[in-house]
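Visitor: Let's see this in three dimensions:
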Amino acid sequence: MSNEKEAAVENSADEVQVEVEVEVEVEAEAEVEVNDAANGEAPAQSHEELLLTLQDAQAKADEHWNQLLMARADLSNAQRRAERDLANAHKFGVEKLALELIPIKDSMEMGLAAVAEGDEQDEGRARVIEGMELTLQMFSGVLDKFGVKEVNPQGDKFNPDFHQAMSMQETANFAPNTVMDVFQKGYVLNERLIRPAMVVVSKAAAE
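Guide: Here you go, the predicted structure:
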């Protein structure tokens, strides 16, 4: 009976020892985890998640940067277009007015030419001619002030960008493709053609 009691006591002591050892191991493992966390060490899965998050943030930052660059480029293009449109408005804003005034100048020139064909000794006619010449000069000065210049290509090489050929005539007096006669003067507004010159163009005489 005494032996059984001693055996029971020994078994209890062994169980207590095992429990103490298990508790010590658990506490040691917990201490290791706490130390790892304190040292900034994270499980492998956390590193992967952090890397994915960083990559996602970098991709979004690149996307936003590209959008910013595109927006700046669009704004710059819009500013250049606005400046160009404003400059053209200043340069060509009087185009419609010029087209209305030019036929008046044509009539004045034709009237002056008709009067000049009369009797040169007529004093009244001479005063009319002088007045018309002065008026025409003032009128031409106003057009020139606003950038309207005439195109009178008499004797020049035919240029389809500024001249409109009404007919072609064979002649030996002019080189081929030369403006022989001008039916109607052309006009440009700040180097932009607003009315082509109507002309007769020469061509080589047939042999």
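Visitor: With Asn152 as the reference, measure out to the residue nearest the centre of the chain.
Guide: By CA atoms, centre = their mean, the mean C-alpha position of the chain lies nearest to Asn77, the distance being 4.4 Å. Separation of Asn77 from Asn152 (CB to CB, to the nearest Å): 40 Å. Any C-beta I mention is one placed from the backbone N, CA and C, and that applies to glycine too.
Visitor: Just confirm Gln164 is within a strand.
Guide: Yes. Assessed with DSSP: H, G, I helix; E, B strand; the rest coil, Gln164 lies in a strand.
Visitor: how many neighbours does it have?
Guide: Per other CB atoms under 10 Å, the neighbour tally for Gln164 reads 15.
Visitor: list the contacts for it?
Guide: Gly186, Pro196, Ala197, Met198, Val199 (CB atoms under 8 Å, 6 or more residues apart in numbering).
Visitor: Distance check, it against Tyr187.
Guide: Counting by CB to CB, the gap from Gln164 to Tyr187 is 13 Å.
Visitor: top of the contacts of Gln164 by neighbour count?
Guide: Val199 (29 neighbours).
Visitor: What's the separation between that residue and Pro160?
Guide: 11 Å.
Visitor: cool, and Met110?
Guide: 26 Å.
Visitor: do the same with Glu83
Guide: Relative to Pro160, and taking CB to CB, Glu83 is found at 32 Å.
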